[in-house]
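Colleague: pasting the sequence and the predicted coordinates here, then a few questions.
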Amino acid sequence: MDDSMNDSMNVLVCGGAGYIGSHMVRLLQEQGHTPVVFDNLSTGHAEAVPEDCLVRGDLRDKSALRRVFAEHAFDAVMHFAAKSIVPESVTDPALYYENNVAGTLNLLDAMREEGVMRFVFSSTAAVYGNPIDGGAQGNGVFTMDELHPVAPLNPYGHSKLFIEQVLQAQARAYGLRSVAFRYFNAAGAAPDGELGESHDPETHLIPNILRAALGTGPELHLFGDDYATPDGTCVRDYIHVNDLADAHLRALGFMRREEGAHTFNLGNGQGFSVRQVLQAAEEVTGRPIPHTISPRRPGDADVLVADSAKARAVLGWEPKVTDMRELMETAWRWHSDQKF
Ligand SMILES: NC(=O)c1ccc[n+]([C@@H]2O[C@H](COP(=O)([O-])OP(=O)(O)OC[C@H]3O[C@@H](n4cnc5c(N)ncnc54)[C@H](O)[C@@H]3O)[C@@H](O)[C@H]2O)c1
């Protein structure tokens, strides 16, 4: 069955003014669905979504949530809204548990009150913690599938794992249907350059590389070149933002036919080292990228690469952007003429 095909649906997109959510809103509209964005704009941008579908509100405000559910008949909810800066979650865990856990519990309560029973959740590879031996060896690279033990290293990862467990319990108790996607590193931008990644502070590698190339950001710090990888720098899995959005669309169709709470990795299954990413950026931009080698950061694993075979087999999902150069070109188009 092709889960990319769905009848038109009304979809509440929490956090839809953020980086990944805004690409999702666009895809939903292109596919004939009706998204309503609920966002407090704490890290998102009003310019990233059509004005007529944006509702400004905070997940911690139960009455604002009730209002949005009362005004629309939603078929499903996609939940991108979260605080997601790992070091900040270590220094201010209360903020992370309040926003990511309490806020999500409010959302699930509002859904249950209104009988909305389909939920797609943005989880993260951070639920796994450090990779342990015994992972699959796809492409000769150590990869993690969904059976890898979960052991988050910080409150951010813990807040996401807790919600995954809530979803399991609510499936059993209330019949809530859900899909939790464990993204690896979201990257890239809309190919037409109209949407892209805009975080402040920016903590992600590719935007920071491109800002260094443009001179709009500081010189890049490359944290550690003595990891157990071919060139000594950390290897990560970068998945294009539109490939993430495509998986969410498929989840809508999947939940029509499947009960229960389901978990899928989303990654492209290829690892790229920091040096490889840097090299792709130099080739695409035609500019040297100023950088220095800094000491390792505590807690960074050598290699984090997804095994997404389950999403491929069950959802029929196939990442379309598998080449780092192609991914970088979309990001560069956005950053070199950033709209917001
Ligand atoms: N970007 C990545 O590489 C990555 C990787 C793994 C998981 N994730 C998860 O994916 C989701 C989206 O990430 P992103 O990079 O697009 O983040 P983002 O910060 O760009 O988007 C999050 C959006 O949620 C909104 N928001 C936050 N708290 C809210 C609240 N209490 N009420 C209403 N709105 C609120 C923000 O204003 C923002 O628009 C997050 O849940 C994140 O944890 C992202």
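Modeller: Received it, and whenever you're ready, just let me know what you need.

Colleague: quick one: the helices in the stretch 51-200 of the chain?
Modeller: 62-71, 86-91, 93-96, 103-114, 155-174 (DSSP state H, counting those that start in this stretch).

Colleague: what about the stretch 1-150 of the chain, any weak spots by pLDDT?
Modeller: 1-6, 133-140 (pLDDT under 70).

Colleague: so which bits of it are right by the ligand?
Modeller: 15, 17-21, 39-44, 58-60, 80-82, 84, 99, 103, 122, 124 (CB under 6 Å from any ligand atom). (Glycine included, C-beta is placed from N, CA and C.)

Colleague: ok, of these, which come out buried?
Modeller: Among those, those buried by neighbour count (16 or more other CB atoms under 10 Å) are 15, 17-21, 39-40, 43-44, 58-59, 80-82, 84, 99, 103, 122, 124.

Colleague: up against the ligand, what does the stretch 151-300 of the chain have?
Modeller: Within the stretch 151-300 of the chain, the positions adjacent to the ligand are Tyr183, Asn185, Ala186, His199 by CB under 6 Å from any ligand atom.

Colleague: switch those over to CSV; also include neighbour count and pLDDT.
Modeller: Below are those laid out as CSV (neighbours: other CB atoms under 10 Å; pLDDT from 0 to 100):
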residue, neighbour count, pLDDT
Tyr183, 21, 98
Asn185, 19, 97
Ala186, 22, 98
His199, 15, 92
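
Colleague: among those residues, which are located in strands?
Modeller: Those of those mapping onto strands are Tyr183, Asn185, Ala186, per DSSP state E.

Colleague: show me the contacts for whichever residue of the stretch 201-340 of the chain sits closest to the ligand.
Modeller: At 6.3 Å from the ligand, His204 is the closest residue in the stretch 201-340 of the chain, using CB to the nearest ligand atom. His204 sits next to Asn185, Ala187, Glu197 when contact means CB atoms under 8 Å, 6 or more residues apart in numbering.

Colleague: now do the strands in the stretch 101-250 of the chain.
Modeller: Remark: strands assigned in the stretch 101-250 of the chain by DSSP state E, counting those that start in this stretch are 118-124, 177-183, 185-187, 220-223, 235-236, 238-240.

Colleague: partner strands of the fourth one and their direction?
Modeller: In this case it means strand 220-223. Paired strands of strand 220-223, with direction, are strand 291-294 (parallel) (DSSP bridges).

Colleague: could I have the CA atoms of the partner strand written out in PDB?
Modeller: Output of strand 291-294 as PDB, limited to C-alpha atoms (Å, rounded to 0.1, in the frame of the first residue of the first chain):
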ATOM      1  CA  HIS A 291      37.900  26.700  10.700                       C
ATOM      2  CA  THR A 292      40.000  25.600  13.700                       C
ATOM      3  CA  ILE A 293      40.400  22.300  15.400                       C
ATOM      4  CA  SER A 294      39.100  22.500  19.000                       C
END
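
Colleague: hmm, who's touching it?
Modeller: Contact with strand 291-294 is made by Ala212, Glu219, Leu220, His221, Leu222, Phe223, Gly224, Asp225, Leu278, as judged by CB under 8 Å, 6+ apart.

Colleague: helix or strand next in line after it, which one?
Modeller: Using DSSP states H and E, the helix or strand that directly follows strand 291-294 along the chain is strand 303-304.

Colleague: and the strands of the stretch 101-250 of the chain: which comes nearest Pro131?
Modeller: Closest to Pro131 of those is strand 235-236 (CB to CB; 10.8 Å).

Colleague: what's in contact with the closest one?
Modeller: Contacts for strand 235-236 (CB under 8 Å, 6+ apart): 141, 184-185, 205, 227, 229, 271-274, 302-305.

Colleague: please apply the same query to stretch 332-340.
Modeller: 45, 47-48, 189-198, 207, 210-211, 214, 281, 284-285.
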